[in-house]
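Student: okay, sequence plus prediction incoming.
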Amino acid sequence: MARGLAAYVRTVAEAVGVPEEAVDFEVSDTATAYLGLARRWRNRPEHDLMLVWSERHGWSLAAETEPTQDPVVLAHFGPDLVPAPAEVARFVTDVLAGHGRGRPRPDLSVADDRARLTELLGAYLPGPR
């Protein structure tokens, strides 16, 4: 799963225009990913934006706040847990342009099936699988 998540997140980062040094991911009790965006949100231009992913809720676009505060979520991609990288890039562009509000935060049932999640992420590994 970790190799597939790494490949998927790097592909999404490339589609969104995020450099490798602004990408982080982890597989522990919950698989998660973080992409630090270079763009700003007009409603909070002083805060950095981030695109985060979790195996329970998929992709969300959020504005970082103070270290002791939770980020301000602008939109959730949902309901697709592993959408195509181009779709994620379009989601970010649309939300920041004010054309998309995203969906309510999904609670994705595929997250309970790590074998299925590993299969979905494995599609982004290079070479034969």
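Tutor: Structure's in. What do you need? Numbering: from 1, shown residues only.
Student: elements contacting the lowest-mean-pLDDT helix or strand in the chain?
Tutor: In the chain, no helix or strand scores lower on mean pLDDT, DSSP states H and E than strand 72-76, which sits at a mean of 89. Here strand 72-76 touches strand 58-63, helix 85-96, going by 3 or more C-beta pairs under 8 Å, 6 or more residues apart in numbering; DSSP states H and E. (C-beta placed from N, C-alpha, C; glycine too.)
Student: what mean pLDDT does the first one have?
Tutor: Read it as strand 58-63. The pLDDT scores in strand 58-63 average 92.
Student: and that strand, C-alpha only, in PDB?
Tutor: Taking Å, rounded to 0.1, in the frame of the first residue of the first chain, the C-alpha atoms of strand 58-63 are listed here in PDB:
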ATOM      1  CA  GLY A  58     -10.400  11.200   0.300                       C
ATOM      2  CA  TRP A  59      -9.200  14.600  -0.800                       C
ATOM      3  CA  SER A  60      -9.900  17.900   0.900                       C
ATOM      4  CA  LEU A  61      -8.600  21.400   0.100                       C
ATOM      5  CA  ALA A  62      -7.900  23.400   3.200                       C
ATOM      6  CA  ALA A  63      -6.300  26.700   4.400                       C
END
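Student: list the buried ones in it?
Tutor: G58, W59, S60, L61, A62, A63 (16 or more other C-beta atoms under 10 Å).
Student: now distance to G4 too, for the helices and strands packed on strand 72-76, in TSV please.
Tutor: TSV is the format used below for the helices and strands packed on strand 72-76 (distance: least, C-beta to C-beta, whole Å):
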stretch	distance to G4
strand 58-63	15
helix 85-96	14
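Student: what angle separates the least confident helix or strand of the chain from helix 85-96?
Tutor: 130 degrees (axes from the mean of the first three to the mean of the last three C-alpha atoms, to 10 degrees).
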